[in-house]
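In: Structure for this input, please:
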Amino acid sequence: MPDVAPGRDVPLAALTTLRVGGPAERVLVATTQDALVAAVRDADAAGRPLLLLGGGSNLVVADDPLPGDVVAIRTRGTEDREAPDGRVLRTLAAGEPWDAAVARAVADGLAGIEALSGIPGATGATPIQNVGAYGQEVADTVVAVRVLDRTTGEIAELPADACGFAYRDSAFKGRQDRVVLAVTFALERSRLGAPVRYAELARTLGVQPGERVPADELRDAVLGLRRGKGMVLDPDDPDTWSAGSFFTNPILVPAAFAALEERVAARLGADVRPPAFAEPDGRTKTSAAWLIDRAGFARGHARAGAAISSKHTLALTSRGGTAADVLALAREVAAGVEDAFGVALHPEPVLVGARW
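Out: Residues are numbered from 1 along each chain as shown. Okay, the predicted model is just below:
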């Protein structure tokens, strides 16, 4: 995560992976849970606007000056204890860098999060977005989230079933009343990773879905796949100057998916079918990247100051431009997909001071 020093009029572009964002009125740095709680309580008591900033990897910050306080969460700490079923309950402070936490779990012989390697940002952000990739999501292993309730000022441990986990969603997303302080994961004592669920990853590893491989091999394979898609941060690679996948994959009710199939057949041919992944509730998930590509937006498609990554259709990148440039490109892509296929795309990053 980027280094940050407290100060005033701090450019947030330097603290986000998308490299856009105007100056913050005041930036504070919290290195302990007590300091983080105090900063939040002080801002709330004073009625000051507050932005909590981890790794800045899932944010699109507007270009205008941002009033109030930005609290950079740089808390650290790891605590292990034994679960009744023999798994290890590992509690990580919210400011722990996520990929380093995954690497440490693999090195310690703890399995369950290895497919989430290479994802930038802080641990505290992972339950908010229910971060997932390559067949795993944090909801698979999270057992508790420690939060500060801003309405009561109290600190509480929320069990997983109170977190409202869903696809790239949770009870924390889109709300400002709870601050994640720490996350507890239940990890299996094993040098083997969790069963491989994702077809592309299985092919890369040369195994069948459902098989298990050493966790360190799985981590290396995931990192290789992510690098090939520009999804591992590299200061010298403009394709990684992004907020990761900019759009979530659409999940459609049966009638909407049937309408999509009709639009695809009319546009691309009767034998072409959109990707379809059955959801437990009867809906169908399809691929945003597939829709974007078939709507005519190739990798590298650019407009002033922003471009689709040349490595991955879902990544929108800043090319020396502004947040307005990135959002203009995002709206162009979304409008093109809706015009072609009748499907609305929704941004995955959090918009700060900007509207969709």
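In: so how far is residue 116 from the closest residue to residue 137 other than its chain neighbours?
Out: Leaving aside its sequence neighbours, residue 137 sits nearest to residue 130 (CB to CB, 6 or more residues apart in numbering; 5.5 Å). (C-beta placed from N, C-alpha, C; glycine too.) To residue 116, residue 130 is 11 Å away according to CB to CB, to the nearest Å.
In: Comparing those two, which residue is more hemmed in?
Out: Using other CB atoms under 10 Å as the criterion, residue 130 and residue 116 rank with residue 116 on top: 25 against 21.
In: Please tell me how far stretch 118-129 is from the chain's geometric centre.
Out: Centroid separation for stretch 118-129 versus its chain: 6 Å, with CA atoms, centre = their mean, to the nearest Å.
In: Between the two ends of it, what distance do you get?
Out: Start to finish, the residues bounding stretch 118-129 are 16 Å apart (CA to CA, to the nearest Å).
In: swap in stretch 279-296?
Out: Start-to-end, stretch 279-296 (CA to CA) is 27 Å.
In: Quick one: mean pLDDT over it.
Out: Stretch 279-296 shows a mean pLDDT of 97.
In: picking up where we left off before, hang on, isn't the residue nearest to residue 137 packed against residue 136?
Out: No: counting by CB atoms under 8 Å, residue 130 sits too far from residue 136 to count as a contact (10.9 Å).
In: got any residues that touch both of those two?
Out: Both residue 130 and residue 136 lack any common contacting residue under the criterion CB atoms under 8 Å, 6 or more residues apart in numbering.
In: would you list every one of the helices in the stretch 251-356 of the chain?
Out: 254-268, 288-294, 323-341 (DSSP state H, counting those that start in this stretch).
In: ignore the last one, the chain
Out: When assigned using DSSP state H, the helices of the chain occupy the ranges 33-46, 98-107, 126-129, 199-205, 215-228, 254-268, 288-294, 323-341.
In: How far away from the center of its chain is the fourth one?
Out: Centroid separation between helix 199-205 and its chain, computed with CA atoms, centre = their mean, is 22 Å.
In: what is the rounded mean pLDDT of that helix?
Out: For helix 199-205, mean pLDDT is 97.
In: how about that helix as PDB, C-alpha atoms only?
Out: The C-alpha trace of helix 199-205 is given here as PDB (Å, rounded to 0.1, in the frame of the first residue of the first chain):
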ATOM      1  CA  ALA A 199     -11.900 -23.600 -14.800                       C
ATOM      2  CA  GLU A 200      -9.200 -21.200 -16.100                       C
ATOM      3  CA  LEU A 201      -7.100 -21.800 -12.900                       C
ATOM      4  CA  ALA A 202      -7.600 -25.600 -13.200                       C
ATOM      5  CA  ARG A 203      -6.400 -25.600 -16.800                       C
ATOM      6  CA  THR A 204      -3.300 -23.500 -15.800                       C
ATOM      7  CA  LEU A 205      -2.500 -26.000 -13.000                       C
END
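In: quick one on the thing from earlier: deepest of the helices of the chain, which one?
Out: Ranked by mean neighbour count, the helices of the chain are led by helix 126-129 with a mean of 26 (mean count of other CB atoms under 10 Å).
In: any idea of the mean pLDDT in that one?
Out: Mean predicted lDDT for helix 126-129 stands at 96.
In: helices or strands up against it?
Out: With contacts taken as 3 or more CB pairs under 8 Å, 6 or more residues apart in numbering; DSSP states H and E, helix 126-129 sits against strand 142-149, strand 178-189.
In: If we use 7 Å, what do you get?
Out: strand 178-189 (3 or more CB pairs under 7 Å, 6 or more residues apart in numbering; DSSP states H and E).
In: residues of stretch 51-69 that come out buried?
Out: 51-63, 66, 69 (16 or more other CB atoms under 10 Å).
In: Now find how far off-centre that stretch is within its chain.
Out: Centre to centre, stretch against its chain (CA atoms, centre = their mean), the figure for stretch 51-69 is 15 Å.
In: now the end-to-end length of that stretch.
Out: By CA to CA, one end of stretch 51-69 lies 6 Å from the other end.
In: Would you confirm that residue 326 contacts residue 20?
Out: Yes: Residue 326 lies in contact with residue 20 (CB atoms under 7 Å); the separation is 6.0 Å.
In: Sounds good, over and out.
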